[in-house]
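Colleague: here is my input, please return the structure:
(2 chains)
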Amino acid sequence: MTTPRFWREIEQRYRGIGVQCEICDRVYFPPREICPHCRRESFGKMNERELSGKGKVLTYTEVHDPHPDFKMLTPYIMAIIEMEEDVRVTGQIVDIDYEKVETGMEVKATMRRLGEESPEGIIYYGYKFTPIKEIKE
Amino acid sequence: MRDVAIIGIGETQIGELWDKSLRELGIEAGLKAIRDAGVSGEEVDMLYVGNMSAGKLINQEHVAPMIADYAGLDDVPAVRIESGGASGGMALAEGYISVASGLDDIVVVGGAEKMTDVNDEEAKKILSSTADQEWETVCGATFDSLHAMMARYHMNKYGTTKEQLAEVIVKNHSNASKNPNAQYPREIPKNFVMNAPMVSDPLGMFDCAPLSDGGAAVVLCPAEYVDSYKGEPVKILGAGHGADHIALHDRREIGSMKATRIAAEKAFEHSKISPKDIDLAEVHDNYSISEIVAIEDLGFFKKGEGGQATEDGRTALNSEVSINTSGGLKAKGQPVGAVGINQAIEATIQLRGDAGDRQVEDARYGLTHNVGGTGASAVVHIFERWSE
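Modeller: So this is what the prediction gives:
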C-alpha cells in the first residue's frame, strides 16, 4: 500500500473513527458517505463516531500461508470482530495462543505495527486486537 | 428478448503452461470454439473476454483487443469484463444479453488467465486483491484466510465438519479423473486431504483450488439461427446477477452468500424452472467450504445441510444433483478469468451427451455458478438440452 493511501485513513486506523447514520443510528467502520440502509436520504447525515474498541470474536483462523507482508509473523491469527457498536472489523488477534482463542471471546483494539512501505520506508501502524480478560496459563 | 444458444465450445489444457502466453491461450480456445461452431471470422460481431488481473499478472491491460488482433479478428470489437473470480461468468452474461437483445448475432465469449508468469506468493497476493485491500488484506487477511473464517463460522453454526469439507474434494477429484481436460485428473484419498499441511485453519492445502493458466471460449448465436451452423446447440435458458458488500465482515451472514442467492433466484425465475429440476451444476468451489455454501444458497439443500448432503453422496455423479462433474475449480483447475467459461463448457458437454465416463444420465438442465471475491458478486446461468 502506498503512503498517501495509508495516510488518508490515519484517523480511522489510529483512533477507530467510524460514522453513525443520523436517520437509523447504524454505525459503520470504516466511514461511509452513504448509509446502505437509508441510501440517499443519509447523504450529509453521516456523523463521526469513535468506536469503543471493544468487541467479541465472531470467527477466526490461524494463517499458515501468509500474506507476503506478514511473513515474519507466521503463523498469525486473523479474526472478524463484532464491535460493541454492532459493526464488524477484520483484524489480527495478538498476545494469545491460537488454541485459546474462541468464538465469543472479548477483545479490545490496540495500536500495533502493521507493516512498512519498504525496508527503509515509513512504518504503518494500525489496530490489532488483544484479549480483554487475562488468559490463564 | 431472443432465445440464445451456445453453438461452439473450446478450451485449452488447464495447468502450469510455461510455454504459452495469455494471447496464445485466448486464441487457442477461441479458434477451437469457432471451429466447433462452424462460423467464420467475418461473421463474429463481438468478443467479450473475462479476465481478472492481466495488469498485475502479466503487466498487460487492454487484453481483449490484443486477443482479437492475434486471432485475426482485428476488426471485431472486443471488451474485457472484470468481476474478480466471476469475470468469465459475467462476460458470458454480457454476451448473452447482447445476442438476446438483438444487438449482435454471433458473439464469442472467452475467458483467459495467465497466473504462472509470477511466483506463487505473488499470484496469491493478486488473488487476495479481490477482497477489500484497505480494510481486509492490509490487516493480514489472505483470500484463503477469509474463506477459512467462513468455514469456521459454518462449522460453528451448522455443525459442518472438516471431514465433510474433505468429501467435497474427494468427489471433485473423482470427477476430474474422468475428465481429460482437468489439471489434476486423479483421485485422492480422504486421509490425504485431511492430513495436508495447513493453509489457514481449518483449510488445508487440498481444500484450496490451484492457481492455473488456461483459456476457454464459447460461441453464442440466436436460437432461430442454429440450423445455419454445424455446432450442436445448447440453449441458455436464463441468467441472473447478484451482489453484496465487498468485505466479508460487512455481510450479515458469513456462512451464506447473498449474491449467490439473488443470482440464483433471478436465474430460476427467468428460466421458469426450480432447483429440483437441475441435473448437474458447476459451482464455484475455489475452496471446499465454498461448494458447501453454494449448494445451499443455490437451493439444492437447506441452509446448514450442505456438508451432510455431500457426506451422504447426494452431490456425487449421477446422484440427486451432480455437482462439479468436471472436477470443479479444485481439480479441473482455476484459471480465474476463464472459470465461468470453463463451467459453461462443462454444462454444454453434458447437455450434448458428450461427457463420456462422467456423463450425467439423461441430463436436461444444467446450471453454472461463478463468484467474485469472497461473494461480493455472483452470476448464475441455466442451460437446457436442445430439443427441436
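Colleague: mind giving me the domain ranges of the chain?
Modeller: Unless you meant another one, I'm taking chain A. A:17-50, A:54-131 (automatic domain parsing).
Colleague: correction: the question concerned chain B.
Modeller: For chain B, the structural domains run B:4-119+B:211-234, B:142-210+B:239-385, going by automatic domain parsing.
Colleague: quote the end-to-end distance of the longest one.
Modeller: Translated: domain B:142-210+B:239-385. According to Cα to Cα, to the nearest Å, domain B:142-210+B:239-385 extends 40 Å from its N-terminal end residue to its C-terminal end residue.
Colleague: same check, this time on stretch A:16-31
Modeller: Across stretch A:16-31, the terminal residues are separated by 10 Å (Cα to Cα).
Colleague: is chain B within reach of it?
Modeller: Yes. On the criterion Cβ under 8 Å from any Cβ of the partner chain, stretch A:16-31 is in touch with chain B at A:Pro30. The C-beta positions use only the backbone N, C-alpha and C, and glycine is treated the same way.
Colleague: so which bits of that stretch are buried?
Modeller: Neighbour counts over stretch A:16-31 (16 or more other Cβ atoms under 10 Å in any protein chain shown) mark A:Gly16, A:Ile17, A:Gly18, A:Val19, A:Gln20, A:Cys21, A:Arg26, A:Tyr28, A:Phe29, A:Pro30, A:Pro31 as buried.
Colleague: just those residues: which are in strands?
Modeller: Secondary structure from DSSP state E places A:Ile17, A:Gly18, A:Val19, A:Gln20, A:Cys21, A:Tyr28 of the buried residues of stretch A:16-31 in strands.
Colleague: coming back round to it: go through the domains of chain A and pick out the most buried.
Modeller: With neighbours taken as mean count of other Cβ atoms under 10 Å in any protein chain shown, the domains of chain A reach their highest mean count in domain A:54-131, at a mean of 18.
Colleague: phi and psi next, for B:Arg385.
Modeller: Backbone torsions of B:Arg385, given as degrees, to the nearest 10, read phi -50, psi 140.
Colleague: contacting residues for residue 113?
Modeller: Picking chain A for this. If you count contacts by Cβ atoms under 8 Å, 6 or more residues apart in numbering or on different chains, A:Arg113 has them with A:Ile123, A:Tyr124, A:Tyr125.
Colleague: actually chain B
Modeller: B:22, B:51-54, B:57, B:212-214, B:335-338.
Colleague: report the contact partners of residue 36.
Modeller: No chain specified, so I'll use chain A. Each residue near A:Pro36 by Cβ under 8 Å, 6+ apart is listed here: B:His245.
Colleague: meant chain B actually
Modeller: B:Asp36 makes contacts with B:Ile7, B:Gly8, B:Ile9, B:Gly10, B:Val219, B:Gly231, as judged by Cβ under 8 Å, 6+ apart.
Colleague: distance of it from chain A?
Modeller: Relative to chain A, B:Asp36 is positioned 39 Å away (Cβ to the nearest Cβ, to the nearest Å).
Colleague: nearest spatial neighbour of the residue of chain A positioned farthest from its centre, chain-adjacent residues omitted?
Modeller: Residue distances from the centre of chain A (Cα atoms, centre = their mean) peak at A:Glu41, which lies 27.6 Å from the mean C-alpha position. Leaving out its chain neighbours, the residue that sits closest to A:Glu41 by Cβ to Cβ, 6 or more residues apart in numbering or on different chains is A:Ile23, at 5.9 Å.
Colleague: got the contact list for stretch B:290-308?
Modeller: Counting contacts by Cβ under 8 Å, 6+ apart, the residues outside stretch B:290-308 that touch it are B:147, B:150, B:154, B:157-161, B:164-165, B:167-168, B:172, B:255-257, B:260-261, B:264, B:268, B:274-275, B:278, B:281, B:283-285, B:309-310, B:314-315, B:320-321, B:323-324, B:328, B:367, B:369, B:371, B:380.
Colleague: hmm, back to that, is the residue nearest to A:Glu41 in contact with A:Gly44, as I believe?
Modeller: No. Between A:Ile23 and A:Gly44 there is no contact under Cβ atoms under 8 Å: 11.0 Å.
Colleague: does chain B have contacts with the helix or strand of chain A with the lowest mean pLDDT?
Modeller: Lowest by mean pLDDT, DSSP states H and E among the helices and strands of chain A is helix A:3-7, with a mean of 81. Yes. For helix A:3-7, a contact with chain B is found by Cβ under 8 Å from any Cβ, at A:Arg5, A:Phe6.
Colleague: strands of chain A, start to end?
Modeller: According to DSSP E, chain A carries its strands in the segments A:17-21, A:27-28, A:46-50, A:54-63, A:76-83, A:88-93, A:106-116, A:123-131.
Colleague: among these, which is nearest B:Asp250?
Modeller: strand A:88-93 (6.7 Å; Cβ to Cβ).
Colleague: so B:Lys266 sits in a helix?
Modeller: Yes. Judged by DSSP: H, G, I helix; E, B strand; the rest coil, B:Lys266 forms part of a helix.
Colleague: run through the residues that contact it.
Modeller: B:Lys266 sits next to B:Gly238, B:Ala239, B:Gly240, B:His241, B:Gly242, B:Val380 when contact means Cβ under 8 Å, 6+ apart.
Colleague: repeat for B:Gly214
Modeller: Contacts for B:Gly214 (Cβ under 8 Å, 6+ apart) come out as B:11-15, B:17, B:25, B:112-113, B:333, B:335, B:338, B:342.
Colleague: ok, now how distant is it from chain A?
Modeller: Computed with Cβ to the nearest Cβ, the distance linking B:Gly214 and chain A is 22 Å.
Colleague: next, give phi and psi for that residue.
Modeller: Backbone torsions of B:Gly214, given as degrees, to the nearest 10, read phi 170, psi 160.
Colleague: quickly list what it is bridged to.
Modeller: Here B:Gly214 sits in beta bridges with B:Glu113, going by DSSP bridges.
Colleague: re the thing from before, which residues are contacting the least confident helix or strand of chain A?
Modeller: Surrounding helix A:3-7, the residues in contact under the criterion Cβ under 8 Å, 6+ apart are A:Arg13, A:Glu117, A:Gly121, A:Ile122, A:Tyr124, B:Glu134, B:Val138.
Colleague: sort out which residues of that helix are buried, please.
Modeller: Here helix A:3-7 shows A:Phe6 as buried, counting by 16+ other Cβ under 10 Å.
Colleague: stretch B:293-308 now?
Modeller: Along stretch B:293-308, the positions that meet the burial threshold by neighbour count (16+ other Cβ under 10 Å) are B:293-301, B:304-308.
Colleague: next, the distance between the ends of it.
Modeller: By Cα to Cα, the extent of stretch B:293-308 from end to end equals 12 Å.
Colleague: number of residues surrounding B:Met205?
Modeller: The number of residues packed near B:Met205 is 16, by other Cβ atoms under 10 Å in any protein chain shown.
Colleague: which stretches of the chain have low pLDDT?
Modeller: Answering for chain A, as no chain was given. Per-residue confidence for chain A (pLDDT under 70) gives these ranges: A:135-137.
Colleague: hmm, no, I was thinking of chain B.
Modeller: Counting by pLDDT under 70, chain B contains no low-confidence range.
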